[in-house]
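Enquirer: Build the 3D model from these lines:
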Amino acid sequence: MKTIVVCSGGLDSVSLAHKIAGEAELLRLVTFNYGQRHDKEIGFAEACADRLGVPCDVVDIRPIGKLLTGSALTDDVEIPDGHYAEDSMKLTVVPNRNAIMLSVAFGIAAARQADAVATAVHGGDHFIYPDCRPGFVTAFEAMQKQALDGYADIRLYTPFVTVPKSAIVTEGARHNTPFAETWSCYKGGEIHCGRCGTCVERREAFDLAGIDDPTVYRDPDFWQSAVATAAGGDSK
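Expert: Residues are numbered from 1 along each chain as shown. Next up is the predicted model:
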């Protein structure tokens, strides 16, 4: 199955790219510059493509991103600290982001005669991001079948959509994903901050998977209190 992977450069999508490369035919990666403050992640997507020996399409949709105002990822809004289970994390929603990116990726897949587009949405995304939920995946794939009817038949492959991030770490390790060569932090500094939702989720996932986390964090211990707070308990 010739597959295009939508790859941000983060742990989830890079693990997915390595999984596809090991189990199917990885055709290329597609990554997006939508004006995100952590645009350094794009370089990690390009490095992943180089490592796996496939092209990487960098799609510049910054003019669109400027219109999607109100998100802490693209606007002058402070990135919240804490766990993804906290309501404040809704500030990181970029409206319709996945729908926009997947529409472009499906167009590329049709032009390149791919069989599938793969994206690394997972169970931990469901609380915050509506365009990461199983209902969205099913509806989007059905819409694309209508959009490309008679021209291309492309599957939307989402192997992680019902599993937690810790399962992605386990699967990534099975496919020798170099976790240190991935970028998650929304704040986009020199090293991972250790405090934003995606840093906390990353650190927690390694802990739950029982796999050493090679990531260097500016605040390596904050995740424990954030997880405890989200669970309604005390920090470790």
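Enquirer: What distance do you get for Thr74 to Arg97?
Expert: Using C-beta to C-beta, to the nearest Å, we find Thr74 at a distance of 9 Å from Arg97. All C-beta spots, glycine's among them, are computed from the backbone N, C-alpha and C.
Enquirer: If you could redo that for Gly70, that was the one I meant.
Expert: On the measure of C-beta to C-beta, Gly70 and Arg97 end up 12 Å apart.
Enquirer: the more surrounded of these two?
Expert: Neighbour count, other C-beta atoms under 10 Å: between Gly70 and Arg97, Arg97 has more, with 22 against 11.
Enquirer: ok so, going back, list the residues that contact both of Thr74 and Arg97?
Expert: Residues touching both Thr74 and Arg97 (C-beta atoms under 8 Å, 6 or more residues apart in numbering) are Tyr34, Leu68.
Enquirer: My understanding was that Phe106 contacts Arg155; is that so?
Expert: No: look at Phe106 against Arg155 with C-beta atoms under 8 Å: they stay out of range, at 10.2 Å.
Enquirer: My understanding was that Phe222 contacts Asp81; is that so?
Expert: Yes: Phe222 sits in contact with Asp81 when judged by C-beta under 8 Å, with a separation of 7.3 Å.
Enquirer: Over to Leu16: give its phi and psi.
Expert: Dihedral pair for Leu16: phi -60, psi -40, per degrees, to the nearest 10.
Enquirer: So what touches the host helix or strand of Ile20?
Expert: Ile20 is located in helix 11-23, with elements delineated by DSSP states H and E. Residues from elsewhere that reach helix 11-23, judged by C-beta under 8 Å, 6+ apart: 3, 5-7, 26, 29, 44-45, 48-49, 52, 54, 118-120, 122, 159-160, 165, 168-169, 171-172, 175-177, 179, 181-182, 184, 202, 205.
Enquirer: Phe106 and Arg155: which has the busier surroundings?
Expert: Applying other C-beta under 10 Å to Phe106 and Arg155 shows that Phe106 carries more neighbours, namely 24 against 16.
Enquirer: Tell me how far Ile77 lies from Asn96.
Expert: If you look again at residue 77, you'll see it is Val, not Ile. 18 Å.
Enquirer: which residues sit in contact with the residue nearest to Ile61 when sequence neighbours are not counted?
Expert: Of all residues not flanking Ile61 in the chain, Tyr34 sits nearest, at 5.0 Å (C-beta to C-beta, 6 or more residues apart in numbering). If a contact means C-beta under 8 Å, 6+ apart, then Tyr34 has Ile61, Arg62, Ile64, Gly65, Leu68, Thr74, Val94, Arg97, Met101 as its contacts.
Enquirer: Can you say which of those are buried?
Expert: When neighbours are counted using 16 or more other C-beta atoms under 10 Å, these contain these buried positions: Ile61, Gly65, Leu68, Thr74, Val94, Arg97, Met101.
Enquirer: you'd agree the first one is up against Asn33?
Expert: Yes: taking C-beta under 8 Å as the definition, Ile61 is a contact partner of Asn33 at 6.9 Å.
Enquirer: Number of residues surrounding Lys40?
Expert: By other C-beta under 10 Å, the residues close to Lys40 number 14.
Enquirer: How about the one 10 residues further on?
Expert: Counted with other C-beta under 10 Å, the neighbours of Asp50 add up to 12.
Enquirer: can you check the one 5 residues further on too?
Expert: Residues contacting Pro55 under the criterion other C-beta under 10 Å number 13.
Enquirer: List the contacts of it.
Expert: Counting by C-beta under 8 Å, 6+ apart, Pro55 touches Arg28, Leu29, Ala49.
Enquirer: With Gly188 instead?
Expert: Gln36, Arg37, His38, Asp39, Lys40, Glu41.
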